[in-house]
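Peer 1: Build me a model from this:
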Amino acid sequence: MPRRAPPTLKRNHYSKYLEKRVIYQAYTLDKSTTQIAVGLDMLVQTDQAADCARTP
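Peer 2: Numbering: from 1, shown residues only. Below is the predicted model:
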């Protein structure tokens, strides 16, 4: 039986640039966290954490 390659894991920590893009898309473009995560190819939980970190 052939071996499978291990699944590639997405990062849980992203650069400040991507964090700013998440904030921009959430507040300026009024996108949901799911739409942002799919568009930027990141985990939804990470996207939500970046979004919640900036809420007043």
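
Peer 1: contacts and neighbour counts: CA atoms only from here.
Peer 2: Fine.

Peer 1: residue boundaries of the strands in the protein?
Peer 2: Remark: strands of the chain are absent; assignment by DSSP state E.

Peer 1: Flag the shaky bits of it, pLDDT-wise.
Peer 2: 1, 7-13, 46-56 (pLDDT under 70).

Peer 1: Which residue ranges of it form helices?
Peer 2: 16-27, 33-40, 44-53 (DSSP state H).

Peer 1: Pipe these into a markdown table and attach distance to residue 5 and mean neighbour count per row.
Peer 2: A markdown table is the format used below for the helices of the chain (distance: least, Cα to Cα, whole Å; neighbours: other Cα atoms under 10 Å):
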| stretch | distance to residue 5 | mean neighbour count |
| --- | --- | --- |
| helix 16-27 | 28 | 15 |
| helix 33-40 | 23 | 16 |
| helix 44-53 | 24 | 16 |
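
Peer 1: can those go into CSV with extra columns for distance to residue 6?
Peer 2: Below are those laid out as CSV (distance: least, Cα to Cα, whole Å):
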stretch, distance to residue 6
helix 16-27, 26
helix 33-40, 22
helix 44-53, 21
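
Peer 1: right, so of those helices, which gets closest to residue 2?
Peer 2: Among those, the nearest to residue 2 by Cα to Cα is helix 33-40 (31.2 Å).

Peer 1: Which neighbouring elements make contact with that closest one?
Peer 2: For helix 33-40, the elements it packs on are helix 16-27, helix 44-53, judged by 3 or more Cα pairs under 8 Å, 6 or more residues apart in numbering; DSSP states H and E.

Peer 1: and it with helix 16-27, angle?
Peer 2: 140 degrees (axes from the mean of the first three to the mean of the last three Cα atoms, to 10 degrees).

Peer 1: Residue 36 contacts residue 23, correct?
Peer 2: No. Under the criterion of Cα atoms under 8 Å, residue 36 is not in contact with residue 23, lying 9.6 Å apart.
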